[in-house]
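> Sequence and predicted structure, then a few things I'm wondering about:
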Amino acid sequence: MTSLLDVPVTEEDLVEFIVFVGSCMASQRESIEKGNWQQLNEVIPKLQEALLVISRFPAGMDGLRDRLENLPEIYRESINQLMESAAVDRRVAAELIKINLHRLSALKVLHENSLTDETYGSDNSGISRPGSRISTRA
């Protein structure tokens, strides 16, 4: 494979491509888990490139599956392990994204409530209401 954007030609290129996709998926999961948005910004373009390569396969994803199924047994075992790991990373990353979206929604509501209190005032300005403080982890 001369460039990442080229469709893998040889068996070694195909294995290298699958390893690349697996490492990107693991990096995506890790960056979301740690809240490392800079790392996530670096990983997303790599994942987009991988999708572009898959779309360039003859017959797209089905063509990639056919190529993977026709690999010799020595490659197929390691590829299957990598793909299982990447699938787990993808599911975990998707769940973490959902959790972060819920957290963002909750923060937005709390922020809007604090703006309402500032606008209309509060009878007990020195006393904080239960639930009106945001955790530093949120």
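Structure's in. What do you need?

> how much space is there between the residue nearest to Val7 when sequence neighbours are not counted and Arg65?
By the measure of Cβ to Cβ, 6 or more residues apart in numbering, the closest residue to Val7 outside its immediate chain neighbours is Arg56, 5.0 Å from it. To be clear about C-beta, it is placed using only N, CA and C from the backbone, and glycine gets the same treatment. Relative to Arg65, Arg56 is positioned 15 Å away (criterion: Cβ to Cβ, to the nearest Å).

> go on, Lys46?
Counting by Cβ to Cβ, the gap from Lys46 to Arg65 is 21 Å.

> Assign Leu71 to helix, strand or coil.
coil (DSSP: H, G, I helix; E, B strand; the rest coil).

> Do I have it right that it meets Leu14?
Yes. Under the criterion of Cβ atoms under 8 Å, Leu71 is in contact with Leu14, at a separation of 6.9 Å.

> Please say which of those two ends up with more neighbours.
Leu14 (20 against 17; other Cβ atoms under 10 Å).

> mind checking which helix or strand that one is in?
Leu14 belongs to helix 11-34 when elements are defined using DSSP states H and E.

> Off-centre distance for that helix?
On the basis of Cα atoms, centre = their mean, to the nearest Å, the separation between the geometric centre of helix 11-34 and that of its chain is 11 Å.

> Any buried residues in that helix, and which?
When neighbours are counted by 16 or more other Cβ atoms under 10 Å, the buried residues of helix 11-34 are found to be 14-15, 17-18, 20-32.
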